[in-house]
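In: Sequence first, predicted coordinates after that:
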Amino acid sequence: MDIPFLSFEKTNSIIKSEILQAFEDFFDKGWYVLGEKVKQFETEYASFNNVSDSVGVSNGLDALHIALRTLNIGPGDEVIVPSNTYIATVLAVSYVGATPVFAEPDIKTYNIDYNSIEKVITSKTKAIIPVHLYGQACEMDRIMAIADRHGLFVVEDNAQSQSASFKGKLTGSWGNINGTSFYPGKNLGALGDAGAITTNDPDLAHKARVLRNYGSEKKYYNDVIGYNMRLDECQAAFLTVKLKHLREWTKQRQQIASWYNLALNGIGDLVLPEVSEGATHVYHLYVIRTKQRDQLQKYLSDNGIGSLIHYPIPPHLQDAYKNLGFKKGSFPIAEEIADTCLSLPIWPGMAQDQVDTISKVIENFKF
Ligand SMILES: *Cc1c(COP(=O)(O)O)cnc(C)c1O
């Protein structure tokens with residue numbers, strides 16, 4: 001590949017010496033699970049995200065799972081999720097024994113459509129999980145208003161959107177309790193698996209801390225059936241290093257997206273990302289759409305350019321969720337996005353030349 005889908009080269013070279021130093025500190029300290037580094041990262045991430053509490057956990061899926069547990073959501077309950085999300089959002093609902101209920105996204109922003117939420121609320125609905133997909137903040141004011149009106153909890157899936165905001169308020173600070181992921185390719189990525197919960201409710205944060213650590217507050221005394229879902233001490237140390245760069249890296253992603261927007265505007269039937277009023281987009285992914293998606297992806301690949309599809313099969317059509325009884329046509333907007341979307345290369349430090357090269361190749365494609 002001349003231009004890969006994702007490269008860590010530029011960001012890694014900036015932080016390499018700091019990361020090695022952080023590893024050495026961690027190694028020498030000899031405290032490898034739930035120590036000072038986790039505490040420090042939690043404090044700094046809570047402050048970055050403008051919330052009272054952050055709880056470091058093993059990954060984004062576990063963050064959502066624990067978040068739902070703190071709200072006592074379980075069998076017999078329904079949780080509304082977007083029909084075009086990554087499978088992890090839906091899995092978290094299944095883990096607590098609740099039923100995922102899909103609501104269609106807006107075809108322009110790809111985020112859950114607040115109009116579609118109201119249509120699927122029943123007497124069993126307990127929570128809504130808005131997903132800030134691809135890095136764009138959902139219209140959180142409307143979603144919070146719906147939740148208030150119906151007495152529902154909100155759990156944001158902030159895995160793709162650290163540092164995005166809606167009407168000036170950060171994603172991950174709107175919901176009752178929210179989950180994020182530090183999977184390496186995320187906007188804030190660890191050097192392995194990691195995740196966090198964010199909340200402004202100290203009681204929920206406390207419950208989450210207990211749940212991630214065997215359901216135990218005092219060693220060898222177990223209050224609830226918890227998990228081993230702790231954030232690794234060394235990942236916390238790495239994340240503290242990387243968090244300092246996140247604002248700059250976000251700006252670079254937005255710059256790269258604006259280069260793409262300019263260069264790709266008006267080509268063929270391409271649909272470029274659209275940002276809704278009041279929202280910011282942190283471009284975890286730069287997603288375009290075209291009816292000739294598969295051909296364009298092959299053409300890019302033939303020209304040495306990486307791309308990916310987020311996501312080719314919506315959750316309701318996955319074999320894992322056959323039991324829900326949906327079929328092709330059940331969620332036409334999610335299916336339309338799955339059939340036409342294509343994510344182009346984007347990473348902090350990507351050069352304008354590379355965007356130009358990709359855009360020229362796309363221009364030469366026979367739409
Ligand atoms: C990555 C991701 C997750 C899961 O995070 P992991 O750390 O991989 O478990 C959940 N939801 C969304 C939208 C994601 O993109």
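Out: Noted; the coordinates are in hand.

In: mind listing what the residue in the stretch 251-367 of the chain positioned nearest to the ligand touches?
Out: Residue nearest to the ligand within the stretch 251-367 of the chain (C-beta to the nearest ligand atom): residue 284, separated by 7.6 Å. Quick note: C-beta positions are derived from backbone N, CA and C, even for glycine. By C-beta atoms under 8 Å, 6 or more residues apart in numbering, the contact set of residue 284 is 134, 135, 160, 161, 186, 187, 253.

In: Assign it to helix, strand or coil.
Out: Recorded secondary structure, residue 284: coil (DSSP: H, G, I helix; E, B strand; the rest coil).

In: From residue 227, how far out is it?
Out: 27 Å (C-beta to C-beta, to the nearest Å).

In: Give me the buried stretch members for the helix of greatest length in the chain, please.
Out: For the chain, the helix that runs over the most residues, judged by DSSP state H, is helix 9-29. By neighbour count on 16 or more other C-beta atoms under 10 Å, the buried set for helix 9-29 is 11, 15, 18, 19, 22, 26.

In: which strands and helices sit next to that helix?
Out: Packing partners of helix 9-29 (3 or more C-beta pairs under 8 Å, 6 or more residues apart in numbering; DSSP states H and E): helix 36-48, helix 233-243.

In: quick one: the last one to helix 9-29, angle?
Out: Right, helix 233-243. Between the axes of helix 233-243 and helix 9-29, defined by axes from the mean of the first three to the mean of the last three C-alpha atoms, to 10 degrees, the angle is 140 degrees.

In: what's the angle between helix 233-243 and helix 36-48?
Out: With the same axes, to 10 degrees as the basis, helix 233-243 and helix 36-48 are set at 30 degrees to each other.

In: Next secondary structure after helix 233-243?
Out: helix 246-264 (DSSP states H and E).

In: ok, back up a step: need the residues that contact the longest helix of the chain.
Out: Contacts of helix 9-29 (C-beta under 8 Å, 6+ apart): 32, 35-37, 191, 233-234, 237-238, 240-242, 245, 249, 347-350.

In: Tell me where the chain has helices.
Out: Under DSSP H, the chain gives helices at 9-29, 36-48, 60-70, 87-95, 114-120, 140-150, 202-212, 233-243, 246-264, 293-302, 332-340, 352-364.
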